[in-house]
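In: below is the structure, and that's it, no one-letter string:
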């Protein structure tokens, strides 16, 4: 009883002084030796994952899309119109319409070959294998009742295990997280074959870890967690402050692949990546009904975010979105073959001279004449931001959309070589993003 009262008192003590906790500790109220060691290891992984030649990664991505366009699309008989796509029957030919999906979706035995997914990432997150080298863990229980001793069979129990795991779901379910879900390294969360919603509670925290794949979830109606004592590994628990209410928060983490997620209506950001998080790919997602969609880099003063390298690909930015698709600080962001059909303020923004290479996207401007501009630069006058490398190559501008370019006019050659335009022209975006969001996969059939 005395120990319980002591923990209860400590909880309120730390909540009272929440404002003095350094930002670098990101909701860790009790920054003990365990978290200090995780931070040290994370910084080492960031240094290893950072690529001093990001153009190699963009060239690799473009090369794969070029091969896909010239061989696979012609074999499947696709053209550049939605009319043909709408005419295809469910259960007909495999409809994997981009090179990431084609890596696994046409296999009718995908459920028996789930780990094949780990070979399919492209962009800066390529090489992310998640729990490929671990056992399967089946989530059978959607509850989240015990934060200190999570029940076996729950998602929280799965993600705190210190060994690699490939996490799947026994059936469709709605998981309402009482507090942020704090993950350990080397995990895949694979919702294929089930309709899984993480909703009406807290979101995911990927902090000071590496090698994470999250695939196939619906994540929506996320609210801040109040904080408290939460188990964050099999052998450790600690005191947390209030979480922000992000759908997915990536903090000081590396080798992250977020694929085929349907996300909307989170209290803060849909996806935030900060604190020098790098080697990240966000692909095949569908975002709707949200204000500040994605934030890459939380502070203009945190120069370590120059190591941040992120690919956003084959994603549909849909109805009800306002801004930050993404908003970037520092870092190198490759925004490629996405469909921007809705925004109210702007699509892509940033400050602190990030490099943003926009290739083969489709930007459909809103009717508002004051919101035709795709880009928005903050906290810098034109004489400063004109040197930032924000380049648009092969983008399709619809309804008066305008992308204000800046920086070196030849930057595209530096970053993407000669394959950039031919690899992924913007007119193919409706095909490439046709199956964005969580998929309805049925065992025994191509997904």
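Out: Noted; the coordinates are in hand. In this text the structure is predicted, and so the values were computed from the model without any measurement.

In: point out where the stretch 51-200 of the chain drops to low pLDDT.
Out: Scanning the stretch 51-200 of the chain for pLDDT under 70 picks out the ranges 53-93.

In: tell me who's in contact with residue 180.
Out: 27, 202-205, 225, 230, 240, 243, 249 (Cβ atoms under 8 Å, 6 or more residues apart in numbering). C-beta here means a position set from N, CA and C on the backbone, and glycine is covered the same way.

In: go again with 6 Å.
Out: 202, 205, 225, 243 (Cβ atoms under 6 Å, 6 or more residues apart in numbering).

In: now residue 269
Out: 246, 292, 295.

In: any chance of TSV for those, columns distance to residue 96?
Out: What follows is the contacts of residue 269, written out as TSV (distance: Cβ to Cβ, whole Å):
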residue	distance to residue 96
246	30
292	32
295	31
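
In: tell me the one of those residues nearest residue 337?
Out: Nearest to residue 337 among the contacts of residue 269, counting by Cβ to Cβ, is residue 295 at 21.6 Å.

In: pull up the pairing partners for the helix or strand encompassing that closest one, direction included.
Out: For residue 295, the element it lies in under DSSP states H and E is strand 294-296. Partner strands and pairing direction for strand 294-296 (DSSP bridges) are strand 271-274 (parallel), strand 327-329 (parallel).

In: how about those strands in TSV, adding distance to residue 126?
Out: Conversion of those to TSV gives the following (distance: least, Cβ to Cβ, whole Å):
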stretch	distance to residue 126
strand 271-274	16
strand 327-329	20
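
In: deepest of those, which one?
Out: strand 271-274 (a mean of 28; mean count of other Cβ atoms under 10 Å).

In: list the contacts of it.
Out: Counting by Cβ under 6 Å, 6+ apart, 246, 248-251, 280, 294-296, 298 sit against strand 271-274.

In: just the residues you listed: which are in strands?
Out: Of those, the ones assigned to strands by DSSP state E are 248-251, 280, 294-296.

In: pick the one among the contacts of strand 271-274 closest to residue 123.
Out: Nearest to residue 123 out of the contacts of strand 271-274 is residue 280 (Cβ to Cβ; 8.2 Å).

In: what residues are up against that closest one?
Out: Residue 280 neighbours (Cβ under 6 Å, 6+ apart): 124-125, 256, 273, 310.

In: could you flag which of these are buried?
Out: Among the contacts of residue 280, those classed as buried by neighbour count (16 or more other Cβ atoms under 10 Å) are 124-125, 256, 273, 310.

In: secondary structure and distance to residue 139 added to those, as a markdown table?
Out: Converted to a markdown table, the buried ones among the contacts of residue 280 look like this (DSSP: H, G, I helix; E, B strand; the rest coil; distance: Cβ to Cβ, whole Å):
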| residue | secondary structure | distance to residue 139 |
| --- | --- | --- |
| 124 | helix | 29 |
| 125 | helix | 24 |
| 256 | strand | 20 |
| 273 | strand | 25 |
| 310 | strand | 28 |
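
In: how about those in TSV, adding distance to residue 380?
Out: As requested, the buried ones among the contacts of residue 280 are exported to TSV (distance: Cβ to Cβ, whole Å):
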residue	distance to residue 380
124	25
125	29
256	29
273	22
310	21
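
In: tell me which element residue 37 is part of?
Out: Here residue 37 is assigned to helix 33-49, by DSSP H and E.

In: distance from that helix to the middle of the chain?
Out: Between the centre of helix 33-49 and the centre of its host chain there is 21 Å, according to Cα atoms, centre = their mean, to the nearest Å.

In: so residue 108 versus residue 172, what's the distance?
Out: As judged by Cβ to Cβ, to the nearest Å, residue 108 and residue 172 stand 21 Å apart.

In: what do you get for residue 124?
Out: For residue 124, the distance to residue 172 equals 32 Å [Cβ to Cβ].

In: among the contacts of residue 180, which are located in strands?
Out: Secondary structure from DSSP E places residue 205 of the contacts of residue 180 in strands.

In: what sits against residue 133?
Out: Residue 133 makes contacts with residue 164, as judged by Cβ under 6 Å, 6+ apart.

In: show me the strands in the stretch 101-250 of the chain, by range?
Out: Assigned by DSSP state E, counting those that start in this stretch, the strands in the stretch 101-250 of the chain fall at 135-139, 165-169, 173-175, 181-182, 187-190, 196-199, 204-207, 210-215, 218-222, 228-233, 236-240, 248-251.

In: turn the ones you listed into JSON lines, including distance to residue 302 and mean neighbour count.
Out: Formatted as JSON lines, these follow (distance: least, Cβ to Cβ, whole Å; neighbours: other Cβ atoms under 10 Å):
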{"stretch": "strand 135-139", "distance to residue 302": "35", "mean neighbour count": "16"}
{"stretch": "strand 165-169", "distance to residue 302": "32", "mean neighbour count": "22"}
{"stretch": "strand 173-175", "distance to residue 302": "32", "mean neighbour count": "18"}
{"stretch": "strand 181-182", "distance to residue 302": "22", "mean neighbour count": "26"}
{"stretch": "strand 187-190", "distance to residue 302": "27", "mean neighbour count": "26"}
{"stretch": "strand 196-199", "distance to residue 302": "29", "mean neighbour count": "24"}
{"stretch": "strand 204-207", "distance to residue 302": "16", "mean neighbour count": "26"}
{"stretch": "strand 210-215", "distance to residue 302": "20", "mean neighbour count": "25"}
{"stretch": "strand 218-222", "distance to residue 302": "24", "mean neighbour count": "22"}
{"stretch": "strand 228-233", "distance to residue 302": "23", "mean neighbour count": "20"}
{"stretch": "strand 236-240", "distance to residue 302": "21", "mean neighbour count": "19"}
{"stretch": "strand 248-251", "distance to residue 302": "12", "mean neighbour count": "26"}
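
In: closest to residue 403 out of those?
Out: Distance to residue 403, taken as Cβ to Cβ, is lowest for strand 248-251 among the strands of the stretch 101-250 of the chain, at 26.5 Å.

In: show residues contacting the closest one.
Out: With Cβ under 6 Å, 6+ apart as the test, strand 248-251 has contacts from 26, 204-207, 256, 271-275, 277.
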